[in-house]
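J.: No sequence on hand, only this structure:
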């Protein structure tokens, strides 16, 4: 058995994992990144829109500062976030953006003079002052008071990831690509690495590490209709749940993005609406202003997704063989704008839909997009429950997003959290020594080898891993979606428990030799079901509506009873998670109030009912 | 009526002693808007769960799914079956090491390429967290982005005559990367330093000018122009070097 020793093991090499690796390696510690794909293929690359940071350089961003970014982020989270973390985040974001510029990002810059922009289909004019020429500019995104989203055309995630990976190459950080961690090595108190499977040869390998980071991104692929890449199947959350002691924070907080294209659910960026695109119904009329007169298409994602679903339910959707949808209209932005600033959108529409967005409408509907929940950490990125385990990025519940993430705050989180958590891990590693217990390593490895043998031999049963996965995805989509209610959620929990039983009887149909893809899924299907049940069960218990979590039977946000964060752990042999709760924020710099958009009925902390 | 598609797929699992290279046939009913991503996923899930291929974003952004489709390298996710005949032959990309079936090891190749060309900003400055960012003309930023759009899918390498003949040839992707840094005012390398990286037969002078790279680039990068510009620049650098040597 090959065993590799390192100071830090980063599981995941997207933006968050690599930013942590860069920080820790720069401090002189040995660092290895595991990545199931070559790092530049990570899902971070797909983020088109941009990264929020309160620089305030462009005219429409004038007067912006971290305080305003903080207010937007806390409001956007529907007061579900950790305000201490949100504060650290907004203060560090401008530095992180400038640092990325220093490392090579071709951020779009302020161009002095008159230019026009669209808002709600109307054309307006703005003037950029000469003295700001060449500074980093920003575009408009939903839920923000100022234009704050820094961008490189519509390839922001791509340029950030390439620049970050360039830094990894420059520093000589080791990346083992096509390796997947399948279990953490721990004794119930301290995490000391992971067992990983090579996705080139199928061989197992042991990584022993003083610190281990989970940075595996989100888990959208537990849903059928998702904008997530096929690799976002929750492997990091599964590693944590498997420990029995590390909780998943807020698993019920699942964000839907308003504009997945129909039928493939590929995302077209919020930049479409930010740059002035509008949503139209079957009569080709705008409907968002009637629901949200102030923000219209630029309300936060949860709000726009809900009104779209509501509008479709009212009979205003466009019928198609793939179900009802709405239209996104960006035609008025003009060919020049679409083919440069929104080129990726142009390509996606032409290549995957056969639709030319310069002259035609784009069919869209909400699709699962972002997991606010994840491995629960403290503000330093240290996971609850195990010493030496950390998490960052979408895989983590660090928790600056609460119950709804604002557009542009995810790229910002990956880099800001990566920087901060990386610094904390470097501090942790200074002078830290640990013991690698050979029996713990041996037992864990034997356990994983046994699992693989049993799957190959079909000794547990003959269930088909793909069919079990499909059943899970459909159940979550149908009953744990944009609108939720007690009856459906109970049904989902019951059904998912049945599917979980099936998952425990999965056996391979192929021989499982080498980089066998069926084995890859079979190894994680039980964990995926546990995660799915955490989402459904936590949603059932949360009898209120907050951010993306919209209960039709409990429409009010209930701060009196639910200004809390869910903590879900899974005990071996159980078929339900154990749910605990902690205050959403230890510090309340900004007292709970109305968001200014979306449903505003609130049961306040002292039981008073606000709004209707 | 829906077409019945026949897929001829290259099969070989180097980890399995019982496996030898061959072609397997799979048949599928074509559906609306079917891409090779949809088709291959269905074949794996319904017919042969051991079939190896790579997809990640499935949206033409990440570059994972390059393969040789009816003789031409391309991204499988953005290839619609309606644009192909009923018989579809899928082969793994050449040049890269085979992992199994349609899956090749691009990660190792591209990491080595990035190390070789020094694919990062070379500067003696250090970052000042309290200072304003260095200003840049927006037109320059957009020009850099044009070349930075490469997704390292490997199509240009697979389609390159030289790269198929000699393993040490850098390929259009590396030359494009150098062109990107030459444009960037933050990178302090001069022409002489770039020449040291690409001024050989392994670099700019090994290109036979067949331009298969540009023909197959799924991001439509101006690889041909960049090759021309680099060659001219590096030619001049070579002449200047020679002149200094004589002197």
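T.: Received it, and whenever you're ready, just let me know what you need. The model shown is predicted, which means the values in this text are computed figures rather than measured ones.

J.: burial of residue A:260, as a residue count?
T.: 24 (other C-beta atoms under 10 Å in any protein chain shown). Using the backbone N, CA and C atoms, a C-beta is placed for each residue, glycine as well.

J.: helix/strand/coil for it?
T.: Here residue A:260 is strand, with the state taken from DSSP: H, G, I helix; E, B strand; the rest coil.

J.: Give me the pLDDT value at it.
T.: We note a pLDDT of 94 for residue A:260 in this prediction.

J.: ok, the nearest residue to it once chain neighbours are set aside - how many residues close by?
T.: Nearest non-adjacent residue to residue A:260, counting by C-beta to C-beta, 6 or more residues apart in numbering or on different chains: residue A:367, 3.1 Å away. Other residues within reach of residue A:367 by the criterion other C-beta under 10 Å amount to 26.

J.: Tell me the secondary structure at residue A:367.
T.: From three-state DSSP, the assignment for residue A:367 is strand.

J.: That one bridge partners, please.
T.: residue A:257 (DSSP bridges).

J.: wait, it sits on residue A:262?
T.: No - Residue A:367 is beyond contact range of residue A:262, at 9.0 Å (criterion: C-beta atoms under 8 Å).

J.: burial count for residue A:580?
T.: 13.

J.: so after the helix or strand containing it, what's the next helix or strand?
T.: Element membership of residue A:580 [criterion: DSSP states H and E] is strand A:578-583. Scanning forward in sequence from strand A:578-583 by DSSP H and E, the next helix or strand is strand A:602-603.

J.: partners of that next one in the sheet?
T.: With DSSP bridges as the test, strand A:602-603 pairs up with strand A:557-558 (parallel), strand A:609-610 (antiparallel).

J.: List of residues touching it?
T.: With contact meaning C-beta atoms under 8 Å, 6 or more residues apart in numbering or on different chains, strand A:602-603 is reached by A:544, A:556-561, A:592, A:594, A:609-611.

J.: shaky segments in the chain?
T.: Using chain A. Within chain A, the stretches with pLDDT under 70 are A:599, A:612.

J.: was after chain B, sorry
T.: Looking at chain B by pLDDT under 70, you get B:244-247.

J.: which residue ends up closest to the midpoint of it in space?
T.: residue B:154 (2.6 Å; C-alpha atoms, centre = their mean).

J.: Confirm for me that that one is in contact with residue B:95.
T.: Yes - using C-beta under 8 Å, residue B:154 is in contact with residue B:95, at 7.4 Å.

J.: residues shared between the contacts of the two?
T.: With C-beta under 8 Å, 6+ apart as the test, residue B:154 and residue B:95 both reach residue B:109.

J.: Please name every helix or strand in contact with the helix or strand hosting residue B:230.
T.: Using DSSP H and E, residue B:230 sits within helix B:223-246. With contacts defined as 3 or more C-beta pairs under 8 Å, 6 or more residues apart in numbering or on different chains; DSSP states H and E, the secondary structure elements packing on helix B:223-246 are helix B:171-183, helix B:191-198, helix B:212-216.

J.: chain center to the last one: distance?
T.: In terms of C-alpha atoms, centre = their mean, to the nearest Å, the gap separating the centre of helix B:212-216 from the centre of its chain is 10 Å.

J.: does any part of it sit near chain A?
T.: No - judged by C-beta under 8 Å from any C-beta of the partner chain, helix B:212-216 stays clear of chain A, getting no closer than 15.1 Å.

J.: Name the residues of that helix that are buried.
T.: Buried residues in helix B:212-216, counted by 16 or more other C-beta atoms under 10 Å in any protein chain shown: B:212-214, B:216.

J.: between those, which is nearest residue A:19?
T.: Of all those, residue A:19 sits closest to residue B:213, with 32.0 Å by C-beta to C-beta.

J.: The closest one and residue B:162 touch, don't they?
T.: No - when contacts are counted by C-beta under 8 Å, residue B:213 is not listed as touching residue B:162 (10.0 Å).

J.: list residues touching both of those two?
T.: residue B:171.

J.: most packed of the strands paired with strand A:602-603?
T.: strand A:557-558 (a mean of 26; mean count of other C-beta atoms under 10 Å in any protein chain shown).

J.: Show me how far that strand is from its chain's centre.
T.: That offset, for strand A:557-558, works out to 24 Å (C-alpha atoms, centre = their mean).

J.: And the contacts of that strand?
T.: So strand A:557-558 is in contact with A:78-79, A:543-546, A:599, A:601-603, going by C-beta under 8 Å, 6+ apart.

J.: which one of the helices and strands packed on helix B:223-246 is the most hemmed in?
T.: helix B:171-183 (a mean of 24).

J.: how big is the angle separating that helix from helix B:223-246?
T.: In terms of direction (axes from the mean of the first three to the mean of the last three C-alpha atoms, to 10 degrees), helix B:171-183 departs from helix B:223-246 by 70 degrees.

J.: Summarise which helices and strands helix B:171-183 is packed against.
T.: Short answer (3+ C-beta pairs under 8 Å, 6+ apart): helix B:171-183 packs on helix B:106-117, helix B:138-148, helix B:155-158, helix B:191-198, helix B:212-216, helix B:223-246.

J.: Check these for me and report the most buried one.
T.: Taking mean count of other C-beta under 10 Å, helix B:155-158 is the most buried of the helices and strands packed on helix B:171-183, at a mean of 28.

J.: Packing partners of the helix or strand that that helix is followed by?
T.: Note on helix B:155-158: by DSSP H and E, the next helix or strand toward the C-terminus is helix B:161-165. Helix B:161-165 is packed against no helix or strand, with contacts defined by 3+ C-beta pairs under 8 Å, 6+ apart.

J.: Touching helix B:161-165 from outside, list them.
T.: So helix B:161-165 is in contact with B:94-95, B:157-158, B:169, B:171, B:206-208, B:210, B:212, going by C-beta under 8 Å, 6+ apart.

J.: how about the residue lying closest to residue B:166 once chain neighbours are set aside, phi and psi?
T.: The shortest distance from residue B:166 to any non-neighbouring residue, by C-beta to C-beta, 6+ apart, is to residue B:206 (7.2 Å). Per-residue torsions, residue B:206: phi -90, psi -20 (degrees, to the nearest 10).

J.: Wait, a helix at residue A:70?
T.: Yes - looking at residue A:70 with three-state DSSP, it is inside a helix.

J.: do you know how far it is from residue A:76?
T.: Going from residue A:70 to residue A:76 by C-beta to C-beta, to the nearest Å gives 11 Å.

J.: between those two, who's got more neighbours?
T.: Set residue A:70 next to residue A:76 and count neighbours by other C-beta under 10 Å: residue A:76 wins out with 29 against 20.

J.: What parts of the stretch 401-550 of chain A come near chain B?
T.: Residues of the stretch 401-550 of chain A lying near chain B (C-beta under 8 Å from any C-beta): A:465-466, A:508-511, A:513-518.

J.: just curious, which of the residues you listed is nearest to residue A:294?
T.: residue A:466 (45.9 Å).
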